[in-house]
Structure formats: structure tokens, C-alpha cells
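> return atomic coordinates for the entry below.
(4 chains)
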There are 2 protein chains.
Amino acid sequence: MKIGELARRSGLSAHTIRYYERIGLLPYADRDRSRQRDYDASILTWIDFLGRLKTTGMPIREMLRYAALREEGAGTEAERRLLLERHREQVRARVAELEACLLVLDTKIAGYADIEKRIEDHDAHQRTRRNQQAGARQAGSR
Amino acid sequence: MKIGELARRSGLSAHTIRYYERIGLLPYADRDRSRQRDYDASILTWIDFLGRLKTTGMPIREMLRYAALREEGAGTEAERRLLLERHREQVRARVAELEACLLVLDTKIAGYADIEKRIEDHDAHQRTRRNQQAGARQAGSR
DNA sequence: CATTGACTTGGAGTGCGCTCGAACTCGTAG
DNA sequence: CTACGAGTTCGAGCGCACTCCAAGTCAATG
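Numbering: from 1, shown residues only, chains lettered A, B, ... in the order given. Alright, predicted model coming up:
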């Protein structure tokens, strides 16, 4: 698979794939006879996992640490696990934080809904009064 | 309250407070006779809410829109509410996304735990074999 | 009256994560 | 043979959200 296809299938741009290789997030890719990168489908699994780390806010610095341990291979499992466990805690904390903010947002939105309702009620009241006055005029004119 | 105290109480740096005022996130602060900013405690509520928006990933661009509507005052409630409702949806989506990633992390971590357990078992087995061999040698030497 | 420390402004610099452009090389189709 | 499309490298540029610096002002204190 060449870089264009990998780009389409991974959702990253070719630019980004080269950038990730440059900084070491993606392993140096094998080249074909004309020095073009030639990827194995298995890279997609790794890119997908990197995407999870990114989505959950892991900085590239730390992804690099993980990628380096992975390149080192067997014997680094305990450290990789520790890294992920720590990250998981941060993600959990982030979720809790977002949920707290959601409550604040709910309250704020409810506040605006109240204001809008009061304005509607006020307008309806105004209309009622005008109608009553119009009715009174009609009644008087009879 | 001067900028230093506000910085301490809000958790923002004085630099950031000035920056926020410059870009319009914070209203232009009244100055005392020596042109120093003099804040009312009520600004803390606003800064706190801005913090919530920031924490939930709202870009400054959009906070500025909200801040501008707020400055405009009455009559902009419906639009402010809409803005917050849309943002709330994005935050909810983000929480869902993070939770999906947490499941992936859990799986990955469990995978490493398995590998480590297998290694331990293997080591324990090795030790047992060595002990058995040692026992056999002892028995044979009798 | 000199020093200190907290403030002022305008503008430059930083770190992150890409993103893009220029100039070039290939392999294939017409 | 040439034109194309997709790839290559290297380095510059960008958007975001700060963060910091230099040079100056001011009020209070020793």
C-alpha cells in the first residue's frame, strides 16, 4: 500500500503520515525500488490506536515514549501498561470534569429558557390586554 | 480589586487577564486614578464561566461571540442559549468519544496484564523445575 | 528623596501539531 | 517521447492560546 492509499484508509493526510514517521510515531516505512513508502495493512491498527491516544488528549511527547517502548519489543510490557494506566486515569478525570461542566451548562441554559419564557408570557399578557381593550371598545360602541 | 489579586483569586495569570481584556473576552476594566485596573468581585463569576467553556474545549473565537452577545445585554438571550445548547451537544459527543476510547484502553491494558501474568507463570514454572532437579540430585546422592 | 514592588503598554516569542510549497524523481498511458 | 499523476525531501509557515520582555509610571515606605 502506498502513502496515498494509507492516507485514505487511515484518515490522516499523506503530509501527516510523513510527519509522524519523521518524528518517530510511525516506524520508518520500507521503500519500493523507486524509494516510495510501501505499507503493510497492519500499520492501520497502530495508526488507529495512536488516534485513540490523540483523541484522549495524550501529547505527542508521550505517544513517542509509548512508540519507542513498542519498537523495543518484548520486555517493555510492564512499562507500556503503566503508561496506559496512568493515561486512563487522566482520561477518567477529564470525563468527570466534562460532566461537571455539563451540569453548569444545563443550569445556564435552563436560566435562559426561563428568561425567554417570561418574555413570552409578558407578550401574551400584553396581547390579552390589547384584546380586552378592543373588546371593551366594541362593547362600548354597541 | 487589582489585577494581582484577581489573578490569585481566578487562577489566571495577570498576563492572561490583560490578554483576555485585549481580545474582548473580559470587558474593559475600570481604572483607578493611576490607570490601574480595578475589578469588582462579580468579574470572578464571569471568569469562572469562561473557564468552564474553555475546559469543555470551546475555542476563544466562540467565547468571543458569547461574550459579545452578553455585552449587548437583553434581547440576545435566545442566541446565547442556542450557542450554549450547541456547545453542550459537542461536549456530550466528546464525553461519548472519550468513553469509547476508555474501553479500548481497558482492553489494551488487560492485554498487557495477560502477557505479564504469562511471564510470571513461566518464571514460576522454571523455578519449580529447578527445584525439582535439585531435589532429584539430592535424592540420587543419598 | 530614593527605593521597592505592583502595576502599565506594545509588541515579540513560545510550544504544539500540523500543513503547505518548491523542486525534484518515477512509472505508466497515449 | 512526453505528459501525467503520485510520490520524494527539506524547510518554511500557520493557527491557537498564551507567555514574556522592555521600558515606563505610580504610591507607599525607610
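> interface residues of chain A facing chain B?
Counting by Cβ under 8 Å from any Cβ of the partner chain, chain A comes close to chain B at A:49, A:52, A:55-56, A:77-78, A:80-81, A:84-85, A:87-88, A:91-92, A:94-95, A:97-99, A:101-102, A:104-106, A:108-109, A:112-113, A:115-116, A:119. To be clear about C-beta, it is placed using only N, CA and C from the backbone, and glycine gets the same treatment.
> and those residues, which of them are buried?
A:49, A:52, A:56, A:77, A:80-81, A:84, A:87-88, A:91, A:94-95, A:98, A:101-102, A:104-105, A:108-109, A:112 (16 or more other Cβ atoms under 10 Å in any protein chain shown).
> looking at those, which are in strands?
Of the positions in these, not one sits in strands, assigned by DSSP state E.
> quick one: which of these sit in helices?
Judged by DSSP state H, those include A:49, A:52, A:77, A:80-81, A:84, A:87-88, A:91, A:94-95, A:98, A:101-102, A:104-105, A:108-109, A:112 as members of helices.
> which strands or helices does the lowest-mean-pLDDT helix or strand in chain A pack on?
Lowest by mean pLDDT, DSSP states H and E among the helices and strands of chain A is helix A:77-141, with a mean of 89. Judged by 3 or more Cβ pairs under 8 Å, 6 or more residues apart in numbering or on different chains; DSSP states H and E, helix A:77-141 is in contact with helix A:60-72, helix B:43-55, helix B:77-140.
> just want the angle from it to helix A:60-72.
140 degrees (axes from the mean of the first three to the mean of the last three Cα atoms, to 10 degrees).
> the domain parsing of chain A - what is it?
Here the domain parsing of chain A from automatic domain parsing is A:1-73, A:93-142.
> may I see the ones you listed arranged in CSV, with distance to DNA strand D as well?
Listed next are these as CSV, based on distance: least, Cβ to the nearest atom of the strand, whole Å:
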stretch, distance to DNA strand D
domain A:1-73, 2
domain A:93-142, 15
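> quick one: residue A:8 and residue A:40, what's the gap?
16 Å (Cβ to Cβ, to the nearest Å).
> close to DNA strand C, is stretch A:15-33?
Yes - Stretch A:15-33 lies within reach of DNA strand C by Cβ under 7 Å from any atom of the strand, at A:15, A:16, A:19, A:33.
> contacts for that stretch?
Under the contact criterion Cβ atoms under 8 Å, 6 or more residues apart in numbering or on different chains, stretch A:15-33 has outside partners A:3, A:6-7, A:10, A:12, A:37-39, A:43, A:46-47, A:50, A:60, A:63-64, A:67-68, A:71.
> and for stretch A:48-60?
Here stretch A:48-60 has contacts from A:10-11, A:20, A:23, A:25, A:62-63, A:66-67, A:87, A:90-91, A:94, B:97-98, B:101-102, B:104-105, B:108, using Cβ under 8 Å, 6+ apart.
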